[in-house]
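**Student:** no sequence on this one, just coordinates:
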């Protein structure tokens, strides 16, 4: 069993839809990260959170520490949101080592 | 602006060749990481360095070695490339401070093909 699991693995949405990607983890963590990777591109950090909720533009990330679960929401989705979204957790103390989920491939169709 | 650069975006090498992948960061970060990314497997840690000349094995170090002679530069070495090392290789860096978590900053990746 993977220590970080994401669902769904693949997601197709129509432009304008509300999207949710889920992440569950089984280890003790100091922070949870949501990352974005466009096709052929590098990885950028969207959020790092250890409690509650963060919002940036149309993106919202929440975490429930007791349930070891996080969600990434995209409101009013747009084709430019099409990318792989990766959940990762920090577990290594000062080393900031990450354990990654396998990613969710999102395609937003116009 | 934060920057992690990698020496090549695409690389094609022959089986048995020695391969060097270079990563440079300009943020004065203590931690540097090498990952490989494969479909269905996600990112896996190959090696990690938390200071100059210091290194730790990650989850999949077999067939790889690393070098960190300067703080800003972290090199991944494939001693004798094999076809199962065909992959996307990503470098990342982050600060190192006890009691705090930090984002990792990723380079653009090197797609290595071994034929």
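**Tutor:** Right, received. Where do you want to start? This one's a predicted model, so the numbers in the text were calculated from it and none came from an experiment.
**Student:** tell me what the residue in chain A that chain B sits nearest to is bridged to.
**Tutor:** Nearest to chain B, among the residues of chain A, is residue A:31, at 3.6 Å (CB to the nearest CB). Every residue, glycine included, has its C-beta placed from N, CA and C. Residues in a beta bridge with residue A:31, per DSSP bridges, are residue A:90.
**Student:** hmm, it is touching residue A:51, no?
**Tutor:** No: contact status for residue A:31 versus residue A:51: not in contact, 9.5 Å apart, counting by CB atoms under 8 Å.
**Student:** out of those two, name the residue with the larger neighbour count.
**Tutor:** Of the pair residue A:31 and residue A:51, residue A:31 is the one with more neighbours under other CB atoms under 10 Å in any protein chain shown, namely 20 against 11.
**Student:** is stretch B:17-27 in proximity to chain A?
**Tutor:** No: Stretch B:17-27 lies out of reach of chain A by CB under 8 Å from any CB of the partner chain, never closer than 11.9 Å.
**Student:** which residues does residue A:45 contact?
**Tutor:** Neighbour list for residue A:45: A:33-35, B:103-105 [criterion: CB atoms under 8 Å, 6 or more residues apart in numbering or on different chains].
**Student:** you'd agree residue B:45 is in a helix?
**Tutor:** No: the assignment for residue B:45 is strand, going by DSSP: H, G, I helix; E, B strand; the rest coil, so no helix is present there.
**Student:** got the contact list for stretch A:103-110?
**Tutor:** Contacts with stretch A:103-110, where a contact means CB under 8 Å, 6+ apart, come from A:6-15, A:17, A:19, A:21, A:37, A:74, A:77-86, B:42.
**Student:** centre of the chain versus it, how much separation?
**Tutor:** Computed by CA atoms, centre = their mean, to the nearest Å, the separation of stretch A:103-110 from the middle of its chain amounts to 13 Å.
**Student:** ditto for stretch B:47-65
**Tutor:** Taking mean C-alpha positions (CA atoms, centre = their mean), stretch B:47-65 and its chain are 9 Å apart.
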